[in-house]
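1. Requesting a structural model of the entry that follows:
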Amino acid sequence: KLAPMSDFSDSLDPIVLGAERKLMLTGTDRRRTAYHEAGHALVGMLTRGADPVRKISIIPRTMSLGVTVSAPESDRFNYDKRSLLARLEVATAGRAAEEVVFGDETTGAENDIRQATQLARSMVGRFGMSDEIGFVSVLPQEGDGWAMGVSQVSERTRQRIDDEVKRVVEEAHAEAIRLLTENRSRLDGIAEALLREETLDQPQAYAAAGLASPPEDEAAPVHAAIPIAT
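-> Numbering: from 1, shown residues only. As a prediction, this is how the structure comes out:
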């Protein structure tokens, strides 16, 4: 007899999400974490090109206080620009939710900021996805033969790369704030459900947001899951 899919999901949680930590969060930290993860999840649900949200949790894990997991329906090896912009918007949405709800910022978005910056820099300097920089590779990669990992570009070009990366991330952040502000009741719904249940699977998460859940593909590859940690 095959075990239920929920049993497989439970057994894989420590691998995908990280091991649980025995932390006693204050009520304030727990509520902020719930909104942070709800922000990631809701922007993922509302943004064209984003992977479906598979699970949300506010149980403290190895390196985070909470986590949102998204995964495509099948393995992906090539990403279009819209999908990468969607991933940027989702990455910035945890901090955006804190700003919308609490009006301030915390250190909880450190990993999100790092992910967003690295992705934007790759889009601008490696993937030719910036009109400002153009269809050129301006960041060093392994095997390029550039000494000490420093690309042979001018100081002016490096400054343009930095400016373009900042612009791309800031636009994604602004879009996340817009979506969360316009859908505040959905954001509240997810956060409140997290505070009650601590962990939401895909159908529960979409139901809490008042949105239809995409068809749940039980064969969705776990190794493709993308955790976005607080």
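2. which stretches of the chain form strands?
-> Using DSSP state E, the strands found in the chain span residues 53-57, 67-70, 199-201, 226-229.
3. got those as a markdown table, with mean neighbour count columns?
-> Where you see a C-beta, it was placed from the backbone N, CA and C, and this is true even at glycine. Formatted as a markdown table, the strands of the chain follow (neighbours: other Cβ atoms under 10 Å):
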| stretch | mean neighbour count |
| --- | --- |
| strand 53-57 | 26 |
| strand 67-70 | 26 |
| strand 199-201 | 21 |
| strand 226-229 | 22 |
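4. Tell me the predicted confidence for K22.
-> pLDDT recorded at K22 is 60.
5. which one of the strands of the chain lies closest to R114?
-> strand 226-229 (10.4 Å; Cβ to Cβ).
6. which helices and strands sit right next to the longest helix belonging to the chain?
-> Counting residues, the longest helix in the chain under DSSP state H turns out to be helix 155-182. Under the contact definition 3 or more Cβ pairs under 8 Å, 6 or more residues apart in numbering; DSSP states H and E, helix 155-182 sits against helix 27-46, helix 81-102, helix 110-125.
7. Which helix or strand in this structure has the lowest average pLDDT?
-> Lowest mean confidence among the helices and strands of the chain (mean pLDDT, DSSP states H and E): helix 5-16, at a mean of 46.
8. For the closest residue to T92 other than its chain neighbours, the count of nearby residues, please.
-> Among residues not flanking T92 along the chain, H173 sits closest, at 4.1 Å (Cβ to Cβ, 6 or more residues apart in numbering). H173: 20 surrounding residues under other Cβ atoms under 10 Å.
9. cool, and V165?
-> Neighbours of V165 (other Cβ under 10 Å): 22.
10. Report the contact partners of the nearest residue to it once chain neighbours are set aside.
-> Closest residue in space to V165, ignoring its immediate chain neighbours: A120 at 4.7 Å, by Cβ to Cβ, 6+ apart. Neighbouring residues of A120 by Cβ atoms under 8 Å, 6 or more residues apart in numbering: L88, V165, V168, V169, A172.
11. There's contact between the third one and V124 in this structure, I believe.
-> Yes. With contacts counted by Cβ atoms under 8 Å, V168 reaches V124, the gap being 6.6 Å.
12. overlap in contacts of these two?
-> Residues within reach of V168 and of V124 at once, by Cβ under 8 Å, 6+ apart, are S130.
13. Quick one, grab the pLDDT at the residue at minimal distance from the centre of the chain.
-> Nearest to the geometric centre of the chain sits A91, at 3.5 Å (Cα atoms, centre = their mean). Per-residue pLDDT puts A91 at 96.
14. now do Y79
-> Y79 carries a pLDDT value of 81.
15. Give me the distance between it and A116.
-> Counting by Cβ to Cβ, to the nearest Å, the gap from Y79 to A116 is 15 Å.
16. Which of these two has more residues huddled nearby?
-> Neighbour count, other Cβ under 10 Å: between Y79 and A116, A116 has more, with 23 against 15.
17. So the residue nearest to the more buried one when sequence neighbours are not counted versus E192, what's the distance?
-> Nearest residue to A116, sequence neighbours excluded (Cβ to Cβ, 6+ apart): A91, at 4.3 Å. To E192, A91 is 23 Å away according to Cβ to Cβ.
18. How about A86?
-> From A86 to E192 the distance is 25 Å (Cβ to Cβ).
19. And for R54?
-> Counting by Cβ to Cβ - R54 and E192 are separated by 20 Å.
20. G49 too?
-> Distance, G49 to E192, by Cβ to Cβ: 28 Å.
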